[in-house]
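The sequence isn't on hand, but the structure is:
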């Protein structure tokens, strides 16, 4: 794959990963459980991508975190804030609308029968 294509795919994926992560934080999740949930849905995400994203979302006040020290290994759990849930809901609507429009646009332009 060309460097340009890799760069464009990364750019395309960046926004979708944010929405995917927000969608799974309606209930508290720790990093590894979040990776597993996303992978079960077919969305791969490296921990080196996930943790900086979670820190950014927390800084933007979309997500809150808390430590669970009740087990032998402490875990940091993340969950949507009230503000984060509202932003997630709006982003989801925007994504669904844009996806539908883009799908129709791509289908119309697909005259040659290739994918």
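Okay, I see it. It should be emphasised that the depicted structure is a prediction, and the values quoted were computed from it without experimental measurement.

after the lowest-mean-pLDDT helix or strand in the chain comes which helix or strand?
Lowest on mean pLDDT, DSSP states H and E among the helices and strands of the chain sits helix 3-24, with a mean of 92. Next in sequence after helix 3-24, counting helices and strands by DSSP states H and E, comes strand 29-30.

contacting residues around that next one?
Identification of contacts with strand 29-30 by CB atoms under 8 Å, 6 or more residues apart in numbering yields 37, 68, 75, 76, 77, 78, 79. The C-beta positions use only the backbone N, C-alpha and C, and glycine is treated the same way.

What residues of the least confident helix or strand of the chain count as buried?
For helix 3-24, a neighbour-count test (16 or more other CB atoms under 10 Å) marks 17, 18, 20, 21, 22, 23, 24 as buried.

what's the closest non-adjacent residue to residue 45?
Among residues not flanking residue 45 along the chain, residue 38 sits closest, at 5.3 Å (CB to CB, 6 or more residues apart in numbering).
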